[in-house]
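> next one to model:
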Amino acid sequence: MTGNSRLKEELIGKFGTLVEEKNGKFLGSLFIRRGRIYWQKTPGEVNEEVRDALDARQRMWPKTANPDLTTRAFPNLGK
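Here you go, the predicted structure:
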């Protein structure tokens, strides 16, 4: 999620519960602060921050996911 809005922890928790009810694993949310008009990040800066966060989380996913599904979905993961 990007922007200056404030997503409430209660809503994030409800979403996590819905994911887990469908046998998923909710690893949390990611909030990227873009800033205000005079000191706002460029789209490239926001994309870089998202990519960095996803790279860090990707290392965590195989540890929490079903190994069979992870291998099928991401055959080159870790290579």
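
> ok, A56 to K8 distance?
24 Å (Cβ to Cβ, to the nearest Å). Where C-beta positions appear, they are placed from N, C-alpha and C, glycine not excepted.

> repeat that for M60.
On the measure of Cβ to Cβ, M60 and K8 end up 24 Å apart.

> again with I32
For I32, the distance to K8 (Cβ to Cβ) stands at 17 Å.

> who has more neighbours, these two?
Counted by other Cβ atoms under 10 Å, I32 and K8 do not tie: I32 has more neighbours, with 15 against 9.

> what's that one sitting at in phi/psi?
phi -110, psi 120 (degrees, to the nearest 10).

> in the sheet, who's paired with it?
T2 (DSSP bridges).

> surely it touches E48?
No. Counting by Cβ atoms under 8 Å, E48 is not a contact partner of I32; they are 10.1 Å apart.

> how about the helices of the protein, start to end?
Ranges of helices in the chain, per DSSP state H, are 9-21, 43-64, 67-73.

> CA atoms only: put the second one into CSV for me.
This points to helix 43-64. Output of helix 43-64 as CSV, limited to C-alpha atoms (Å, rounded to 0.1, in the frame of the first residue of the first chain):
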residue,chain,number,x,y,z
PRO,A,43,7.7,6.7,-8.8
GLY,A,44,11.2,5.1,-9.2
GLU,A,45,12.1,5.6,-5.6
VAL,A,46,8.8,4.1,-4.5
ASN,A,47,9.3,1.1,-6.9
GLU,A,48,12.8,0.6,-5.5
GLU,A,49,11.6,0.6,-1.9
VAL,A,50,8.9,-2.0,-2.8
ARG,A,51,11.4,-4.2,-4.7
ASP,A,52,13.8,-4.1,-1.7
ALA,A,53,11.0,-5.0,0.7
LEU,A,54,9.8,-7.8,-1.6
ASP,A,55,13.3,-9.2,-2.0
ALA,A,56,13.7,-9.3,1.8
ARG,A,57,10.3,-11.0,2.2
GLN,A,58,11.0,-13.5,-0.6
ARG,A,59,13.8,-14.9,1.5
MET,A,60,11.2,-15.4,4.3
TRP,A,61,8.4,-17.0,2.2
PRO,A,62,10.0,-20.4,1.6
LYS,A,63,10.4,-20.8,5.3
THR,A,64,6.7,-20.3,5.9
